[in-house]
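**Student:** Attaching a predicted model along with its sequence, questions to come.
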Amino acid sequence: MLSAAVQRHVALMRACGFVFDEQAERLADYAAFAERRGESHVRTATVLAWSRKGASPQRRRTLYLTVRRFALAAVAEDARHQVPPPDLLPRATRQRPAPYIYAPDEVASLVAVADRCASRRCRVPGQYRVLFGLLAATGMRISEALGLDIADVAPDGLLIREAKRRGRRLLPLHPTVETVLKAHLDRRAWIPDVSGAMFLGDRGGRLSEGTVRGTFRRMLALTGLTGAAHGGRNPRIHDLRHTFAVRSLEACAAERGAVARHMVALSSWLGHVNIVDTYWYLEGTPAVLGRIAASTEAFAAGDRP
């Protein structure tokens, strides 16, 4: 019975548009664990025992909360399910590094030197400038950009097939980006390669992430950005994605409802499975945080909109 309830829940989540692959595996494993104990409904003690398989406090809490969220839905159909308390397992300290938010002139400098830092054997002239410009203009992951094929350029934008957790999405492009991308595809068309990849490695086939990261280190050195991040760290390629998200939120209208709607749209654009991952970007957006703080103070003072 518990496995059947899990299967219905997974089907519902996927019908709502969630990828839900990792969560489905966790819930199926929990259901098998509980059923081996002779249980047909969620029991807090069993959830706690099952979550101990996590290798770290954060992992154990993640497993625990996955089942708790399932229980919140399952109890609406069957009151015999128990809903585990939300904070039975303590929150672990997050080790997520603070993002480096590039200034507009820093992004421009990186894009400008990209091809100077490429290997002399680079087969497609100008492709690194296009690659890093595309990352900055769309906020896509580096893995998604390197996974692009020529066939992924659609009339309405870029089809992201190699997304995290197998999700897919379509990214509309600004006309200026379309123009640059078209010029790149014209140059790419002259290079014979059976892979069909948009960005090519020096020896043929798809450009590798390791090669791109080596090029990026040279770009940081040439632009004076080596060690510019917090604690003397180097800014990362992934910080271009963070920068896109933060600048997008900063450009959002100040009205609270607009921020909420924008957050949902941004979550879909970035390909986040959980919108909580998108709300994290508020930490890197002082302008939006300031507006939220002002609205909260007004609400507390009784000045409700």
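**Tutor:** Cool, the structure landed.

**Student:** In the stretch 151-300 of the chain, mark out all the strands, start to finish.
**Tutor:** Counting by DSSP state E, counting those that start in this stretch, one finds strands in the stretch 151-300 of the chain at the ranges 153-154, 157-160, 169-171.

**Student:** I'd like those strands as JSON lines, with distance to Arg8 and mean neighbour count appended.
**Tutor:** (Each C-beta comes from the backbone N, C-alpha and C, glycine too.) What follows is these, written out as JSON lines (distance: least, C-beta to C-beta, whole Å; neighbours: other C-beta atoms under 10 Å):
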{"stretch": "strand 153-154", "distance to Arg8": "35", "mean neighbour count": "14"}
{"stretch": "strand 157-160", "distance to Arg8": "30", "mean neighbour count": "19"}
{"stretch": "strand 169-171", "distance to Arg8": "26", "mean neighbour count": "16"}
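
**Student:** my read: Ala5 touches Ala76, true?
**Tutor:** No - between Ala5 and Ala76 there is no contact under C-beta atoms under 8 Å: 11.1 Å.

**Student:** which one of the two has more residues nearby?
**Tutor:** Counting neighbours by other C-beta atoms under 10 Å for Ala5 and for Ala76 shows that Ala5 has the greater number, 21 against 9.

**Student:** what bridges to the residue lying closest to Ala197 once chain neighbours are set aside?
**Tutor:** Nearest residue to Ala197 in three dimensions, chain neighbours excluded: Arg206, at 4.1 Å (C-beta to C-beta, 6 or more residues apart in numbering). Listed by DSSP bridges, the beta-bridge partners for Arg206 are Leu200.

**Student:** Looks like Arg206 contacts Phe199 (just checking).
**Tutor:** Yes - if you go by C-beta under 8 Å, Arg206 and Phe199 touch, sitting 7.1 Å apart.

**Student:** overlap in contacts of these two?
**Tutor:** Leu146 (C-beta atoms under 8 Å, 6 or more residues apart in numbering).

**Student:** Comparing those two, which residue is more hemmed in?
**Tutor:** More crowded of Arg206 and Phe199, by other C-beta under 10 Å: Phe199, with 24 against 17.

**Student:** Next one, pLDDT for the residue nearest to that one when sequence neighbours are not counted please.
**Tutor:** Excluding the flanking residues, the one nearest Phe199 by C-beta to C-beta, 6+ apart is Leu207, at 4.1 Å. Per-residue confidence at Leu207 stands at 94 (pLDDT).

**Student:** repeat for Arg233
**Tutor:** Per-residue pLDDT puts Arg233 at 92.

**Student:** Could you pull up phi and psi at it?
**Tutor:** Arg233 adopts backbone torsions of phi -70, psi 160, taken as degrees, to the nearest 10.

**Student:** Report the buried residues of stretch 207-219.
**Tutor:** Residues of stretch 207-219 classed as buried by neighbour count (16 or more other C-beta atoms under 10 Å): Leu207, Thr211, Val212, Thr215, Phe216, Arg218, Met219.

**Student:** and of these, the nearest to Asp239?
**Tutor:** Asp239 has its nearest neighbour among those in Phe216, at 10.6 Å by C-beta to C-beta.

**Student:** I figured the closest one hits Asp239, correct?
**Tutor:** No - the pair Phe216 / Asp239 is not scored as a contact, 10.6 Å apart, by C-beta under 8 Å.

**Student:** ok, back up a step: using a markdown table, please lay out the strands of the stretch 151-300 of the chain together with mean pLDDT and distance to Arg36.
**Tutor:** Shown next, in a markdown table, are the strands of the stretch 151-300 of the chain (pLDDT from 0 to 100; distance: least, C-beta to C-beta, whole Å):
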| stretch | mean pLDDT | distance to Arg36 |
| --- | --- | --- |
| strand 153-154 | 93 | 48 |
| strand 157-160 | 91 | 40 |
| strand 169-171 | 89 | 39 |
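
**Student:** Output these as a markdown table; include the columns distance to Arg59.
**Tutor:** Shown next, in a markdown table, are the strands of the stretch 151-300 of the chain (distance: least, C-beta to C-beta, whole Å):
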| stretch | distance to Arg59 |
| --- | --- |
| strand 153-154 | 39 |
| strand 157-160 | 28 |
| strand 169-171 | 28 |
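
**Student:** give the contact list for the closest residue to Val83 other than its chain neighbours.
**Tutor:** Using C-beta to C-beta, 6+ apart and skipping the chain neighbours, the partner closest in space to Val83 is Ala71 (4.6 Å). Ala71 makes contact with Val42, Val47, His81, Gln82, Val83, Pro84, according to C-beta under 8 Å, 6+ apart.

**Student:** Now do the SS call for the first one.
**Tutor:** Taken by DSSP: H, G, I helix; E, B strand; the rest coil, the conformation at Val42 corresponds to coil.
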